[in-house]
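Asker: Fold the following.
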Amino acid sequence: MTTPQDLVDTHHLDVHWLAGPTPGRPISGVRAVERLADVEGQGSGRLVVLTTSATDHAPAYELDIATRLAGAHGCAALLFVGKAEVPRTCRHLAERSGLVLLTTPETPDIARLIIRLDRLVTTTAAATLERLAAVQAALADGEADATELLDRAGAAIGLHFAYVGPEDATAADPGAVLAGEQLVGVVRAPDDEAAQLALPIVAAAVSRARQRELARLFAPTQTRGEVIAQLAFAESGHLPALVEQARRTGLRLEAHHAAAWLDLGPADASDADALARRRHQLGQVELAGLQLFGEMSGSWHIAAVTGNLLVTGTSEGSPERLLAGLRDGLGRLLGSNDGVIDTYVGVGGPWQGVDGLRTAVTEARMAASIAREKQRARVPHQFDGTGISRVLAELAASPTSRKVLDDVLAPLDELGPEKSDQAVRTLLAYLDEQCSPSRAAKVLHLHPNAVTYRIRRLQPLLDLDLESPGDRFTLHLACRVRAAG
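Answerer: Residues are numbered from 1 along each chain as shown. Alright, predicted model coming up:
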């Protein structure tokens with residue numbers, strides 16, 4: 001839109017600067033007044049033309065009042081006709097309120113001056129609106145890709161819109177291109193009023209196009225990833241149908257499989273803001289992972305599972321090369337994405353076949369749990385397949401064994417997720433430390449009396465005798481498997 005500076009730059013108008021910030025507020029319309037008191041009724045963005053009858057013989061304090069009123073109402077400028085100087089107080093008032101003071105020589109045809117000013121203001125605004133309408137029409141094709149939309153918008157407005165990566169930009173950028181809530185790029189526009197006004201419209205259209213493109217690009221990978229996640233956690237009775245479904249999607253189940261589990265940590269279900277941030281973080285890391293692993297050679301899949309991410313790789317070639325590829329991809333993902341700051345990563349496998357896939361996923365979850373216990377964020381932790389870790393992994397991977405052990409802890413689950421988690425951690429520390437409240441207290445950072453109180457409160461719920469070696473072993477095993485994920 002036209003600004004006071006544009007009037008000064010239009011030399012045939014013979015308008016000159018007196019005071020006020022450059023370039024001044026955009027001018028929304030032109031009004032002439034014959035009395036200084038009529039400045040009171042002028043609206044925001046107006047260029048108020050003070051005729052000679054309004055200013056001739058007017059004392060300085062009345063000019064001050066008119067300036068103060070114009071500034072208070074958000075007027076763009078006061079144009080003094082035939083008055084080349086104004087009092088210093090007027091200048092100060094204008095500077096403080098953001099008002100511009102202009103002057104033009106006295107003219108016998110004030111009506112012609114008003115028409116010329118109004119034509120300049122309205123013609124510029126009309127042309128801008130016309131260009132914006134042309135851009136909007138050019139973006140109407142709901143199936144065009146991002147490149148086509150940018151070319152069409154540029155042709156409609158007579159300028160070039162550029163699409164660049166999301167570096168050094170935020171989702172609040174007027175040109176931000178979003179896929180869902182994830183920033184995937186930015187549209188940049190030249191320094192032109194119409195182009196800058198059109199920028200959010202263009203960015204919104206390009207966002208929709210990019211979302212369609214990414215959905216088409218990643219749909220096969222995401223579909224197979226979801227089937228893999230179901231295979232990894234399904235009861236044994238459901239496996240035949242899932243195996244058949246997996247084969248129809250093109251998964252080579254007889255090959256070797258490696259897995260990574262990205263543990264983003266527990267989410268507070270009572271905090272809506274925290275849940276929203278968690279979902280945004282999950283989407284950000286998932287999209288980054290899909291893009292990164294999609295550019296790598298091999299067969300890679302990513303799926304969101306209970307607020308965490310499962311990455312799997314499949315290969316009919318060298319198992320060692322498969323594992324190295326997974327670790328390389330994880331390293332690049334963890335090193336380039338701010339969304340994984342508090343993420344704990346476990347790696348499992350490689351193992352062969354459907355059972356091998358399930359074992360690799362279980363190992364990855366257990367390794368991620370160990371990484372969290374050791375507070376080793378952003379560093380992939382390889383599962384240790386020896387000793388008790390192997391036994392726990394086999395138990396966790398077996399739906400039958402898992403159900404038996406889950407039944408042991410079922411009374412604790414009735415307390416709710418948070419209290420159940422606290423109870424399992426307390427029991428595990430107590431049993432790990434050979435039922436010593438003082439040593440368990442050090443692990444839990446509690447007073448020994450607090451540990452004793454918790455154990456006495458939990459024991460009746462479980463209906464187990466902690467003095468019995470058999471009951472104690474069963475409970476210890478159940479807590480170990482539960483804590484390992």
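
Asker: Which parts of the protein belong to which domain?
Answerer: Split into domains by automatic domain parsing, the chain comes to 4-123, 129-213, 252-397, 400-483.

Asker: Model confidence for Gly41, exactly?
Answerer: If you check Gly41, the pLDDT there is 84.

Asker: Over to it: give its phi and psi.
Answerer: Backbone torsions for Gly41, taken as degrees, to the nearest 10, come to phi -90, psi 10.

Asker: Same check on Lys419?
Answerer: Per degrees, to the nearest 10, the backbone of Lys419 is at phi -70, psi -40.

Asker: Which residue comes closest to Gly98 once chain neighbours are left out?
Answerer: Nearest residue to Gly98, sequence neighbours excluded (CB to CB, 6 or more residues apart in numbering): Pro21, at 5.8 Å. C-beta: built from backbone N, CA, C; applies to glycine.

Asker: all helices of the stretch 51-200 of the chain, in order?
Answerer: Counting by DSSP state H, counting those that start in this stretch, the stretch 51-200 of the chain has helices at residues 52-55, 60-72, 88-97, 110-138, 146-157, 193-233.

Asker: Could you list the buried residues of the first one?
Answerer: Going back to what we said before, that points to helix 52-55. Ala54, Thr55 (16 or more other CB atoms under 10 Å).

Asker: Against which helices or strands is it packed?
Answerer: Secondary-structure packing of helix 52-55 (3 or more CB pairs under 8 Å, 6 or more residues apart in numbering; DSSP states H and E): strand 77-81.

Asker: hmm, who's touching the strand it packs on?
Answerer: 4, 7, 15, 18, 20, 24-25, 27, 39, 47-52, 55, 66-67, 70, 86, 94, 99-107, 110, 113, 117 (CB atoms under 8 Å, 6 or more residues apart in numbering).

Asker: what is the mean pLDDT for that strand?
Answerer: Rounded mean pLDDT across strand 77-81 is 96.

Asker: any idea which residue of this structure is furthest from its center?
Answerer: Residue farthest from the centre of the chain, counting by CA atoms, centre = their mean, is His57 at 61.7 Å.

Asker: Mind pulling up the pLDDT for it?
Answerer: 88.

Asker: before we move on, what about Leu178?
Answerer: Value for Leu178, per-residue pLDDT: 93.

Asker: hey, what's it bridged with?
Answerer: Beta bridges link Leu178 to Leu183, judged by DSSP bridges.

Asker: coming back round to it: need phi/psi at the residue farthest from the centre of the chain.
Answerer: Residue torsions, per degrees, to the nearest 10, at His57 are phi 70, psi 10.

Asker: Would you verify that Asn449 is located in a strand?
Answerer: No: counting by DSSP: H, G, I helix; E, B strand; the rest coil, Asn449 falls outside a strand, being helix.

Asker: Check the burial of it by counting its neighbours.
Answerer: For Asn449, the neighbour count with other CB atoms under 10 Å is 10.

Asker: For it, which residues are in contact?
Answerer: By CB under 8 Å, 6+ apart, the neighbours of Asn449 are Pro437.

Asker: Check the gap between it and Pro460 for me.
Answerer: Separation of Asn449 from Pro460 (CB to CB, to the nearest Å) stands at 19 Å.
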